[in-house]
Structures are given as C-alpha cells and as structure tokens.
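> show me the folded form of this:
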Amino acid sequence: MVSPLPGINIAFNITNFPTGIGNGLVSVLGAAGPQNNAAPADLPETKLASSLFDTTKSSTQLPNAERRYVLDNTNTTINNNPMGSFIFRFGFRNTSASDINRLRFRVDNLSVPCGQPSPAAATALVGSGNARNLSQTSPNCQGTDNKTAVLKMLNMPTEFVAPENGSPSIVRGSVIEDTDGTQMAPNGGGVNNSLVRTGAEPGSLTGEFTTVVPGGSPGPKFFIGFRMGVVKGGSFRFLFQPEGSSGTPLPSPTVSPEISK
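Okay, here's the model as predicted:
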C-alpha cells in the first residue's frame with residue numbers, strides 16, 4: 001500500500017501469513033491499508049454515481065458479470081485462481097461540481113481465505129472483514145457457512161467489451177495498490193486492499209491515481225472491471241467503497257505493471 005501523499009510511502013512487508021486460529025489470532029487475507037489525514041475520503045453516490053456496465057442486463061448477467069474458467073498462469077501462484085475467476089463490470093460518473101482526484105476503490109468486505117493464504121477448496125475456511133482478532137473474545141473468521149465462496153482479488157487488465165445492443169467500449173481494469181506487486185499481494189488481495197484504475201490502452205496493467213472531471217451535468221461515464229480469483233465455489237457478496245478527494249491533486253506514484261497477483 002502506498003500513501004497518496006508524496007514523500008510518505010508506507011509499505012508493510014508481511015513475509016509470514018499466520019496459519020490457523022489460536023492464541024487470540026485470526027489471519028484473514030487482506031491488507032493493513034495505512035492512511036493518513038490527507039488520504040482520499042469515501043465518495044457517496046451523490047458525488048460518484050454508479051451503474052451496471054450494460055444497463056439492459058441484470059448484475060448477474062453477461063457482460064456485467066462473467067465467469068471465466070480458464071486459469072490465469074501469469075499470477076505469481078496459480079493458487080490465486082485455482083477454479084478460474086469472476087469479473088464484474090460497472091460504470092461510474094462524477095455527478096459533483098468539482099474534480100475527483102486520486103480515485104481508488106477500497107475492498108470493505110469480501111469472503112476471503114482465513115487461516116491460510118491458499119487453501120484447497122475442501123479445507124478452505126471463509127473469512128470476512130468482521131473477523132475477531134487478538135484482544136476480542138472468541139477469535140473466529142466470521143465467515144458464514146460451507147456454501148459461501150472463497151475469493152481473492154486479482155489484477156484486471158483494460159479490455160474492449162461490447163454490451164448486447166451497442167458498440168464496444170473501453171472497460172478500464174483495476175490493480176491492487178502496492179509498491180511493486182510482490183511485497184503486499186503475492187497471495188492476491190482481500191479485505192481492506194485498495195485498487196486503482198488502469199490506463200486506457202487495452203491490456204494495460206499499469207495502475208494510476210485518477211482524476212475524474214465533472215464535464216458538465218452529468219459528467220462523462222467511465223467503465224471499470226474488477227476480477228476475483230475463485231478458491232472455492234459458492235454464493236457471496238462483496239462491498240467496494242470508492243474513495244477520492246476534491247482537493248488539489250498531489251503527485252502520486254503509479255502502480256507498477258508487474259502487479260499481476
């Protein structure tokens with residue numbers, strides 16, 4: 001995780017993923033997500049309006065949701081998508097009166113591996129952002145049940161995607177905000193990781209803090225895709241929170257194209 005303020009680049013390098021549940025410790029896949037008082041704030045729907053990529057289809061239909069069974073072997077470990085992946089595509093529009101700077105998307109909640117980073121489907125425990133830890137009583141993963149999917153956030157490249165009745169559009173990808181893609185997320189992303197939008201070039205995996213201009217009322221819409229590696233099949237919910245700032249943009253480091261975890 002890189003601080004959005006220049007000169008204050010903070011990275012946590014966790015070389016060990018604590019296994020199991022015991023001694024008051026529960027390990028859930030995700031990031032510490034360090035922030036300071038100048039970090040981008042949560043963006044309400046009144047400032048950044050959301051929609052589905054194809055508004056004529058439901059959220060679970062193509063091209064808004066896509067299940068890919070082909071494994072992505074460009075990841076550091078194939079264990080980040082042993083059962084393929086899920087892709088979700090959305091549209092966003094700046095409906096405020098000012099620019100939105102340093103746009104990123106925070107994973108507030110997701111059903112992720114608990115107790116080990118890359119479990120087999122048969123032994124995978126479901127964790128969530130509500131996991132109890134350390135001084136809290138009864139440490140546990142706070143997953144739901146054995147019918148819940150276990151997922152990991154993966155990087156998603158920019159693509160050309162066509163709605164059912166329309167011309168193809170650029171759908172930006174999303175990459176895990178990180179120092180170089182190996183320190184923070186070799187096991188994929190999870191709870192409290194943040195993602196930034198990729199460049200406009202198809203195939204781009206270069207993330208960048210983005211300024212979204214109003215461009216009138218309403219402003220221009222952009223599309224973005226999010227990809228999750230499937231460790232175990234099942235039902236699931238997820239919560240992503242857009243973050244951004246209306247203040248003067250500051251120079252920020254871009255995310256290396258090597259982030260393909």
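> any idea how far N64 lies from P214?
25 Å (CB to CB, to the nearest Å). (C-beta placed from N, C-alpha, C; glycine too.)
> more neighbours: which of these two?
A side-by-side neighbour count of N64 and P214, using other CB atoms under 10 Å, places N64 first with 23 against 17.
> tally up the residues packed near the closest residue in space to the more buried one that isn't next to it in sequence, please.
Spatial nearest neighbour of N64, excluding adjacent residues (CB to CB, 6 or more residues apart in numbering): L52 at 4.7 Å. Using other CB under 10 Å, L52 has 19 other residues around it.
> thought L52 was touching Q61?
No. Contact criterion CB atoms under 8 Å: L52 and Q61 do not qualify, at 9.1 Å.
> okay, and for the stretch 1-150 of the chain, where does confidence drop off?
Residue ranges of the stretch 1-150 of the chain with pLDDT under 70: 1-26, 32-36, 38, 75-77, 131-139, 143-144.
> all strands for the stretch 1-150 of the chain, in order.
Assigned by DSSP state E, counting those that start in this stretch, the stretch 1-150 of the chain shows strands spanning 21-22, 25-26, 41-42, 48-52, 65-68, 85-94, 100-109, 112-114, 125-127, 150-154.
> what strands flank the third one, and is each parallel or antiparallel?
The reference is to strand 41-42. strand 239-245 (antiparallel) (DSSP bridges).
> in the partner strand, what's buried?
Neighbour-count burial for strand 239-245 flags 240, 242-245 (criterion: 16 or more other CB atoms under 10 Å).
> make TSV from those residues and add pLDDT to it.
Shown next, in TSV, are those (pLDDT from 0 to 100):
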residue	pLDDT
F240	91
P242	94
E243	92
G244	91
S245	85
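> dump those to a markdown table, plus distance to I100.
Converted to a markdown table, these look like this (distance: CB to CB, whole Å):
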| residue | distance to I100 |
| --- | --- |
| F240 | 16 |
| P242 | 9 |
| E243 | 9 |
| G244 | 4 |
| S245 | 7 |
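> could you report the neighbour count for G234?
G234 has 17 nearby residues by other CB under 10 Å.
> can you pull the phi and psi angles for it?
Note on G234: its backbone torsions stand at phi 150, psi -170 [degrees, to the nearest 10].
> verify the stated contact: S235 with V150.
No. Under the criterion of CB under 8 Å, S235 is not in contact with V150, lying 11.4 Å apart.
> which one of the two has more residues nearby?
For S235 versus V150, neighbours defined as other CB under 10 Å are more numerous around V150 (25 against 10).
> distance check, the more buried one against M228.
10 Å.
> okay, and the common contacts of the two?
Both V150 and M228 lack any common contact, where contact means CB atoms under 8 Å, 6 or more residues apart in numbering.
> about what we covered before: okay if I get the strands of the stretch 1-150 of the chain as TSV plus distance to G166?
Formatted as TSV, the strands of the stretch 1-150 of the chain follow (distance: least, CB to CB, whole Å):
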stretch	distance to G166
strand 21-22	48
strand 25-26	46
strand 41-42	31
strand 48-52	13
strand 65-68	17
strand 85-94	12
strand 100-109	25
strand 112-114	34
strand 125-127	37
strand 150-154	27
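> these: which one's closest to F209?
strand 100-109 (4.4 Å; CB to CB).
> dump the closest one to CSV, restricted to CA.
C-alpha atoms of strand 100-109 as CSV (Å, rounded to 0.1, in the frame of the first residue of the first chain):
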residue,chain,number,x,y,z
ILE,A,100,-12.5,13.9,-8.0
ASN,A,101,-8.8,13.3,-7.5
ARG,A,102,-6.8,10.2,-6.5
LEU,A,103,-9.7,7.8,-7.2
ARG,A,104,-9.4,4.3,-5.8
PHE,A,105,-11.7,1.5,-4.6
ARG,A,106,-11.5,0.0,-1.2
VAL,A,107,-12.5,-3.6,-0.5
ASP,A,108,-14.6,-3.1,2.6
ASN,A,109,-15.8,-6.7,2.7
